[in-house]
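In: model this:
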Amino acid sequence: MNAFPLRDFIIEVGSLLEDRTFVRWTVNDLLDATTHTLRRMVVVRPDVFSKREEIVLVDGAEQELPVDVHRLLDMIHNAAGQKAAIRPMPLVVVDALHPNGRSGPRKNKVIHWSQAQKESRTYDVYPPAIAGTTVVASVTKDHVPLAHVAN
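Out: Numbering: from 1, shown residues only. As a prediction, this is how the structure comes out:
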């Protein structure tokens with residue numbers, strides 16, 4: 001991927017807006033608009049900004065994404081031991097195979113995960129996790145705000 005320096009981007013935008021001296025739209029206005037655009041791109045195309053990251057699980061089957069994570073795309077493998085793969089499985093299938101699975105014994109190795117389409121911040125793991133269990137997941141994060149320049 002070719003890098004396009006932010007400075008060059010802002011200069012080009014100023015030129016396209018016919019405001020090369022940044023009188024009407026300041027550089028900070030353009031930086032804020034760029035941050036907003038990048039954050040919207042995370043929503044529309046989360047795969048473009050995806051990266052692998054370790055997630056520490058809490059006790060139980062129901063989990064919540066860390067505050068800085070926008071979306072969970074995939075859970076790849078356990079971070080400890082033999083790094084066993086974790087496979088997605090619809091919650092209805094997990095419940096059919098393991099009717100009392102949510103209240104079952106806690107383990108430090110996750111086998112399956114599922115996420116309801118209507119609840120993007122929560123997901124379930126099977127078997128229920130011991131607090132502190134770490135998994136490697138593919139996630140997207142909101143873009144950090146671009147730093148303003150001094151006037």
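
In: Let me know the next secondary structure element after the longest strand seen in the chain.
Out: In the chain, assigned by DSSP state E, the strand with the most residues is strand 69-78. The helix or strand immediately downstream of strand 69-78 is strand 87-88, counting by DSSP states H and E.

In: Give the other helices and strands that that next one contacts.
Out: Judged by 3 or more C-beta pairs under 8 Å, 6 or more residues apart in numbering; DSSP states H and E, the packing partners of strand 87-88 are strand 112-114. The C-beta positions use only the backbone N, C-alpha and C, and glycine is treated the same way.

In: 10 Å instead, please
Out: Where contact means 3 or more C-beta pairs under 10 Å, 6 or more residues apart in numbering; DSSP states H and E, strand 87-88 is packed against strand 69-78, strand 112-114.

In: Just say which of these is most tucked in.
Out: strand 112-114 (a mean of 20; mean count of other C-beta atoms under 10 Å).

In: Each with direction, which strands does it pair with?
Out: If you go by DSSP bridges, strand 112-114 pairs up with strand 87-88 (parallel), strand 122-129 (antiparallel).

In: Please state the offset of the shortest one from the chain centre?
Out: Per C-alpha atoms, centre = their mean, to the nearest Å, the displacement of strand 87-88 from the mean C-alpha position of its chain is 17 Å.

In: Could you check the angle the helix or strand containing residue 138 makes with strand 69-78?
Out: Per DSSP H and E: residue 138 is located in strand 134-141. Going by axes from the mean of the first three to the mean of the last three C-alpha atoms, to 10 degrees, strand 134-141 is angled at 150 degrees with respect to strand 69-78.

In: Provide the strand pairings for strand 134-141, with the direction of each partner.
Out: If you go by DSSP bridges, strand 134-141 pairs up with strand 51-56 (antiparallel), strand 69-78 (antiparallel).

In: so can I have JSON lines of those showing mean pLDDT and distance to residue 20?
Out: Shown next, in JSON lines, are those (pLDDT from 0 to 100; distance: least, C-beta to C-beta, whole Å):
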{"stretch": "strand 51-56", "mean pLDDT": "95", "distance to residue 20": "36"}
{"stretch": "strand 69-78", "mean pLDDT": "93", "distance to residue 20": "35"}
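
In: can you list those strands in CSV and add distance to residue 143?
Out: Listed next are the strands paired with strand 134-141 as CSV, based on distance: least, C-beta to C-beta, whole Å:
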stretch, distance to residue 143
strand 51-56, 12
strand 69-78, 9
